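Novice: structure here, sequence nowhere to be found:
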C-alpha cells in the first residue's frame, strides 16, 4: 500500500467517525413560546335584556275517570223463550257451519265480469281471499281460453 492510499483511507475513516459522532450528539431544543391570547372585549351591558317576570300558567289537575265495572258473569246461557231474538240466534249458524253452507249453496252462483276485475278480485268477493282464483279459472276454462290474465268484460263466470 502506498502512502497516498493510506492517507486517503485515514481521512475517509476520520470523516466517517466524525460524522457519525456528530449525528449522535443531542441537539438542544429551543423552547416554543406561545403568544398569550388577547382578552376579549367586555360585553356591553346596554345590549343585555332586562329580566322580565314571565307569567306562569295555572296547573290544572284532573282526576282520572273511575275504572269500568267488572263484567257480570251469567250462570247459564239464555233460555229459548220463542221470542224473535231467540229465533235470530238459532238462524245464525256457527262459524264452521257458515263455511259448509257456502259450499253447499255456491254451486249455482254466476258472476258477470265488470271493467277492472280480475280473477283475484272476484275470488276476494266470493271467498274472502284472493288465493282461490284458480278454482274460478278451473271451473271456467272454456270462457277463459286465452288464460287467467285475459278476463273479458261481460263474461259470465260460474263460481264453484
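Specialist: Sure, I can see it. Note that the structure is predicted; figures quoted are calculated from it, not measured. Numbers count the residues shown, from 1 in each chain.
Novice: drop to CA atoms for contacts and neighbour counts, all remaining ones
Specialist: OK.
Novice: is residue 108 in contact with residue 157, as I believe?
Specialist: No - contact between residue 108 and residue 157 fails when scored by CA atoms under 8 Å: they sit 10.7 Å apart.
Novice: and residue 111, that one's in a helix?
Specialist: No - Residue 111: not assigned to a helix; according to DSSP: H, G, I helix; E, B strand; the rest coil it is strand.
Novice: distance of the residue lying closest to it once chain neighbours are set aside relative to residue 117?
Specialist: With sequence-adjacent residues excluded and distances taken as CA to CA, 6 or more residues apart in numbering, residue 111 is closest to residue 157, at 5.1 Å. Using CA to CA, to the nearest Å, one obtains 12 Å as the distance from residue 157 to residue 117.
Novice: residue 108 now?
Specialist: 21 Å.
Novice: mind checking which of these two has more residues around it?
Specialist: Neighbour totals were compared for residue 108 and residue 117, and residue 117 leads with 13 against 9 (other CA atoms under 10 Å).
Novice: and the more buried one, what element?
Specialist: Assigned by DSSP states H and E, residue 117 belongs to no helix or strand.
Novice: what sits against it?
Specialist: Residue 117 makes contact with residue 151, according to CA atoms under 8 Å, 6 or more residues apart in numbering.
Novice: hmm, 10 Å instead?
Specialist: Contact analysis of residue 117 by CA atoms under 10 Å, 6 or more residues apart in numbering lists 151, 152, 153.
Novice: next, it: phi, psi?
Specialist: When read as degrees, to the nearest 10, the backbone of residue 117 gives phi -80, psi 150.
Novice: do residue 130 as well
Specialist: Dihedral pair for residue 130: phi -90, psi -10, per degrees, to the nearest 10.
Novice: next: the one 5 residues further on.
Specialist: Residue 135 has phi and psi values of phi -60, psi -40 when expressed as degrees, to the nearest 10.
Novice: pretty sure it is touching residue 160, no?
Specialist: Yes - counting by CA atoms under 10 Å, residue 160 is a contact partner of residue 135 at 6.9 Å.
Novice: what about those two, which has more around it?
Specialist: Ranked by neighbour count (other CA under 10 Å), residue 135 and residue 160 place residue 160 first, with 18 against 14.
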